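Chemist: fold the following, please.
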Amino acid sequence: MDQVPASHPRDAISSRRRFKGQGLVEFALILPVMLLLIFVIIELARVLAAWLAVENGARFGVRYAVTGEYDPAYCLDLDSSGTACDSPLERDAARIPSIKDAARAGAVAILKNETVPQGTPTYFKITVCSTRDADGDTHADFTLFPPNGGTFTPSICLPGEDAGGPADRVSVSVDFDHPLIVPFLSSLWPQLM
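Modeler: Alright, predicted model coming up:
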């Protein structure tokens with residue numbers, strides 16, 4: 001009967017140390033990839049949440065616009081008649097900020113700021129435009145120019161914003177420059193529109 005010599009206890013200890021060091025090296029190699037993946041998932045979730053909030057804000061604004069209602073707090077006496085909101089012009093002037101309030105109420109949980117300049121992260125703008133034909137020439141008096149995401153140019157209604165009237169189509173455009181918070185992503189791609 002042949003006996004196999006028992007291995008020395010020091011050999012087992014050095015073998016374990018070698019595998020411990022190998023695990024640390026493997027962890028150090030995979031950690032940056034794993035962190036990158038986690039941060040990308042977090043940022044994509046934030047982008048999706050912001051997109052849904054902006055879409056929801058536009059939906060709230062349009063739903064309010066089609067009712068023809070307005071907040072009496074925005075009524076002004078523009079024609080010096082002594083009574084506020086007694087003419088269609090005064091009611092239209094009150095409807096635009098009322099529609100914008102409804103859109104703001106729908107766009108929640110995003111980092112929005114209406115005071116920062118265009119093209120800045122957190123920039124937020126609501127544009128109300130209609131297809132009203134006030135002069136009867138069968139052409140809409142107002143034209144909505146949609147946003148250009150490549151140049152971060154927001155929507156604009158020319159010659160000015162209008163809340164529309166009965167049977168007019170009303171567009172509520174919500175522009176938002178989403179700020180990215182992950183440091184290495186924000187240096188490459190500072191904002192989304």
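
Chemist: which residues are in contact with V172?
Modeler: The contact partners of V172, taken as Cβ atoms under 8 Å, 6 or more residues apart in numbering, are A58, G61, V62, A65, I99, A103, I126, T127, V128. Where C-beta positions appear, they are placed from N, C-alpha and C, glycine not excepted.

Chemist: do P147 as well
Modeler: P147 neighbours (Cβ under 8 Å, 6+ apart): T153, P154, S155, S173, D175, M193.

Chemist: strands of the protein, residue ranges please.
Modeler: Secondary structure of the chain (DSSP state E): strands located at 124-130, 143-145, 156-158, 170-176, 178-179, 191-192.

Chemist: for the first one, packing partners?
Modeler: For strand 124-130, the contact count by 3 or more Cβ pairs under 8 Å, 6 or more residues apart in numbering; DSSP states H and E identifies helix 9-65, helix 88-106, strand 143-145, strand 156-158, strand 170-176 as packing neighbours.

Chemist: partner strands of that strand and their direction?
Modeler: strand 170-176 (antiparallel) (DSSP bridges).

Chemist: which positions within the strand it pairs with qualify as buried?
Modeler: V170, S171, V172, S173, V174, D175, F176 (16 or more other Cβ atoms under 10 Å).

Chemist: repeat for stretch 40-60
Modeler: Applying 16+ other Cβ under 10 Å to stretch 40-60 flags E43, R46, A50, A53, V54, N56, G57, A58, R59, F60 as buried.
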